[in-house]
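> how would this look folded up:
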Amino acid sequence: MKSAAGTLTKSWTLVLSDLKELTKVRLAASVVFSSLAGYLLGAYTLDLLSILLLAFGGYCMVGASNAYNQVIERDLDSLMKRTRNRPIPAGRMSVPLAMTVAITMTLLGVVALYLLNPKTAIFGAISIFLYTSVYTPLKTMTPLSVFVGAIPGAIPFMLGWVAATNDFGIEPGTLFMIQFFWQFPHFWALGWLLDDDYQRGGFKMLPTGKKDTGTALQIILYTIWMIVISIMPVFGFTGRLILSIPAAVIIFLMGVGMLIFAFRLFEKRNNQSARKLMLASVSYITLMQIVYVIDKFL
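Now for the predicted structure:
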């Protein structure tokens, strides 16, 4: 009995592990974090049920997108070291089961977000569509896929504001643009780091197709745009989205720190510099959102 119970427990542990891998639980958690930050910035009053619906719906939408993505790219995933052990290419999960998970999460996510308001559900659905039906197939065709992928990638921060206010205007538009421009240095640094693996899968992720000064220069330029947009609310023309001067200075300095890593990549053009920039970008987006939220409530 103990042996049977132990085997069952181990089996369920493996199933749960594969579901987490299929839905990319860490990425989904970071998206939920961005959505909740946007909600806190937009909300007049905090409502626990709305927060729970946003967190659940946001997780489902991201999880569904990742599941669809892994179904579509299963053959390419088997060619890359980074992805060959994913549940589908490794043979631990069937395509029908993965599709069942994806469709179920799509429906649950849309319903949860619709209960907040229809605009939130629409933006969530647009995110899934662009990620799976446009960005994913373009990845093997053109580096412009990153521009398309930056759209669903930038929606979460904005989505939280829309969930809180049922309104799309200058404020959520600004939040969208901040995360939109951030996508480029972040994903190009990651693309640089994983370029050999991406080439095995036939993915075209770097803007010039190479780990060269052209790619590094574009990373620098988009980082500068990201910094500019991130401090824009301090000037007072982004509606209710306001940033105090001390908060703007902190965010500006964090952006300059990330820019320094971008210049180092331009100078050295090696994987170590790309890794440092990628980690700096993750720290930037997280801390920037925290500063925005803290600044609102101080």
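
> Can you tell me, leaving aside adjacent residues, what's nearest to residue 203?
Spatial nearest neighbour of residue 203, chain neighbours left out: residue 139 (4.9 Å); criterion: C-beta to C-beta, 6 or more residues apart in numbering. No exception for glycine: its C-beta is placed from N, CA and C like everyone else's.

> which residues of the stretch 1-150 of the chain score low on pLDDT?
Across the stretch 1-150 of the chain, residues meeting the criterion (pLDDT under 70) sit at 1-10.

> could you pull out the helices for the stretch 101-250 of the chain?
118-129, 136-138, 145-165, 170-193, 195-201, 213-230, 245-268 (DSSP state H, counting those that start in this stretch).

> nearest to residue 63, of those?
The minimum distance between residue 63 and those falls on helix 118-129, with 10.2 Å, by C-beta to C-beta.

> Give the buried residues for that closest one.
Across helix 118-129, burial judged by 16 or more other C-beta atoms under 10 Å covers 119-121, 123-125, 127-128.

> likewise stretch 26-36?
Applying a neighbour-count criterion of 16+ other C-beta under 10 Å, the buried positions in stretch 26-36 are 28, 30-36.

> Columns distance to residue 283 on top of the helices of the stretch 101-250 of the chain, output as TSV?
Listed next are the helices of the stretch 101-250 of the chain as TSV, based on distance: least, C-beta to C-beta, whole Å:
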stretch	distance to residue 283
helix 118-129	24
helix 136-138	27
helix 145-165	16
helix 170-193	11
helix 195-201	23
helix 213-230	14
helix 245-268	8
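
> still on that earlier bit, identify, from the buried residues of stretch 26-36, the entry nearest to residue 199.
Within those, distances to residue 199 taken as C-beta to C-beta reach their minimum at residue 30, with 26.4 Å.

> State the distance from the closest one to residue 149.
15 Å (C-beta to C-beta, to the nearest Å).

> got it, and residue 189?
According to C-beta to C-beta, residue 189 stands 15 Å off from residue 149.

> More neighbours: which of those two?
residue 189 (29 against 20; other C-beta atoms under 10 Å).

> OK, contacts around that one?
Contacts for residue 189 were tallied using C-beta atoms under 8 Å, 6 or more residues apart in numbering; they are 219, 265, 274-275, 277-278, 281.

> ditto for residue 76
Contacts here follow C-beta under 8 Å, 6+ apart; on that basis residue 76 touches 83, 140, 201-203.

> likewise residue 36?
Residues in contact with residue 36, defined by C-beta under 8 Å, 6+ apart, are 51, 54-55, 160.

> please redo it, this time with the cut-off set to 10 Å
By C-beta atoms under 10 Å, 6 or more residues apart in numbering, the contact list for residue 36 reads 51, 54-55, 58, 156-157, 159-160, 163, 289, 293.

> There's contact between residue 182 and residue 219 in this structure, I believe.
No. The pair residue 182 and residue 219 fails to qualify as a contact (C-beta atoms under 10 Å) at a distance of 11.4 Å.

> so what sits against both of those two?
Applying C-beta under 10 Å, 6+ apart, one finds that residue 182 and residue 219 are jointly contacted by residue 281.

> Buried ones among the contacts of residue 76?
Neighbour-count burial (16+ other C-beta under 10 Å) is assigned, among the contacts of residue 76, to 83, 201, 203.

> For the last one, give me phi and psi.
Backbone torsions of residue 203, given as degrees, to the nearest 10, read phi -90, psi 140.

> any idea how far residue 195 is from residue 106?
From residue 195 over to residue 106 the distance is 32 Å, taken as C-beta to C-beta.

> Determine the longest helix present in the protein.
Ranked by residue count under DSSP state H, the longest helix found in the chain is helix 271-297.

> just to revisit the earlier point, and of the helices of the stretch 101-250 of the chain, who's closest to residue 14?
With C-beta to C-beta, the closest approach to residue 14 among the helices of the stretch 101-250 of the chain belongs to helix 195-201: 24.8 Å.

> The closest one packs against which elements?
The elements that helix 195-201 packs onto, with contact taken as 3 or more C-beta pairs under 10 Å, 6 or more residues apart in numbering; DSSP states H and E, are helix 74-77, helix 170-193, helix 271-297.
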